[in-house]
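Novice: Okay, predicted coordinates and the sequence, questions at the end:
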Amino acid sequence: MIRLENISFKYDKLVLDNINTQIDKTKITFIIGANGSGKTTLASIMSGLLFASSGKVFIDDIELNKKTNHKLLRKKIGIVFQNPSNQILFSKVYDDINFTLENVIGKTDDNQKIIADSLSKVGMLDSINSNPYTLSGGMKQRIAIASQLSLSPDYLIFDEATSMLDINGKNDIYKLIKKLKKEMGIIFISNDINEIIYADDVLIVDKQKVYKYTLDNILNDNSILTKHNLDIPFILKLANLLHIKNSSDLKEEIILKKVGNND
């Protein structure tokens, strides 16, 4: 569990004010809010990339502060950024992931197996000797994810990781995070309100505060979104029309069946 206790943060002005919330492991937690609301700042504080002006952050039993061992931290929580090209350094996929692995874990006899396993999880093992710069945006993003998975983190942050991808690339990431939540906590920052249908929990950053809901809460009360000045996704509007009350029923086959029954 990631716990934030009385967290405040400011640049020139206050961005987050006395935040108390938690991220549960083996869940997909979405962080949403208006542009500039502080979503990335919140995730950066969770991952130790930024330090709060006041308050405490815990990842499981570890308190994050400036004295926290960096290598230990990177094994606890990873982050995948918006532009995968910014996380790619080498002209061979294997070398790129190995660089991350050796910098945090060190060189071991298991590195080759770890790299292969990480690429297998994202469906990219066949590209282990490819030049990542020649791959599509979606494939590059999966390489960046594999690089983080090689460290076996307990939590993985996706910072607008689908915003530069086409629909096929997005769908690949959605399928992947569903699989990964069996192994780790997933934190997904998004500016696309339609993506929240893949969430278990939703954190809304609004006016320097953070509000936590389940997807079922939002499905059954769309005013939660509107009161935070957020749009209601089309699929939730459709779900309301079809009297779908459980987020587990937000599946294409169930919706199509209900639509067919209403014809």
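Specialist: Ah, there it is. Since we're looking at a predicted model, the values are computed, not measured.
Novice: State the next helix or strand along the chain beyond the helix or strand harbouring residue 21.
Specialist: Element membership of residue 21, judged by DSSP states H and E, is strand 14-23. Reading on from strand 14-23 to the C-terminus, the next helix or strand found by DSSP H and E is strand 28-33.
Novice: low pLDDT regions in this structure?
Specialist: Across the chain, residues meeting the criterion (pLDDT under 70) sit at 252, 256, 259-260, 262-263.
Novice: quick one, helices of it?
Specialist: Ranges of helices in the chain, per DSSP state H, are 39-47, 70-76, 93-104, 111-121, 137-149, 167-180, 215-220, 223-227, 234-241, 252-262.
Novice: so which of those helices is the most packed in?
Specialist: Stretch with highest mean neighbour count among the helices of the chain: helix 137-149 (a mean of 24; mean count of other CB atoms under 10 Å). For every residue, glycine as well, the C-beta is placed using N, CA and C.
Novice: Can you spell out which helices and strands pack onto that one?
Specialist: Counting contacts by 3 or more CB pairs under 8 Å, 6 or more residues apart in numbering; DSSP states H and E, helix 137-149 packs against strand 77-80, helix 93-104, helix 111-121, strand 155-159, helix 167-180.
Novice: at 7 Å instead, please
Specialist: Counting contacts by 3 or more CB pairs under 7 Å, 6 or more residues apart in numbering; DSSP states H and E, helix 137-149 packs against strand 77-80, helix 93-104, helix 111-121, helix 167-180.
Novice: Dump those to TSV, plus distance to residue 59.
Specialist: What follows is the helices and strands packed on helix 137-149, written out as TSV (distance: least, CB to CB, whole Å):
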stretch	distance to residue 59
strand 77-80	6
helix 93-104	15
helix 111-121	21
helix 167-180	17
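Novice: now for the ones you listed, which one comes closest to residue 134?
Specialist: Of all the helices and strands packed on helix 137-149, helix 93-104 sits nearest to residue 134, with 10.3 Å by CB to CB.
Novice: So which residue is smack in the middle of the protein?
Specialist: In the chain, the residue lying closest to the centroid (CA atoms, centre = their mean) is residue 188, at 2.5 Å.
Novice: Now the strand holding residue 21: buried residues?
Specialist: Residues of strand 14-23 classed as buried by neighbour count (16 or more other CB atoms under 10 Å): 15-17, 19, 21, 23.
Novice: Show the contacting residues for the closest residue to residue 230 other than its chain neighbours.
Specialist: Of all residues not flanking residue 230 in the chain, residue 193 sits nearest, at 5.8 Å (CB to CB, 6 or more residues apart in numbering). The contact partners of residue 193, taken as CB atoms under 7 Å, 6 or more residues apart in numbering, are 32, 230-231, 233.
Novice: Residue 205 now?
Specialist: Shown in contact with residue 205 (CB under 7 Å, 6+ apart): 31, 33, 37-39, 42.
Novice: Go through the helices and strands packed on helix 137-149 and name the closest to residue 27.
Specialist: Taking CB to CB, helix 167-180 is the member of the helices and strands packed on helix 137-149 nearest to residue 27, at 10.7 Å.
Novice: Identify the residues contacting that closest one?
Specialist: By CB under 7 Å, 6+ apart, the list of residues contacting helix 167-180 from outside reads 28, 122, 137-138, 141-142, 145, 156, 161-162, 165, 186, 188, 198.
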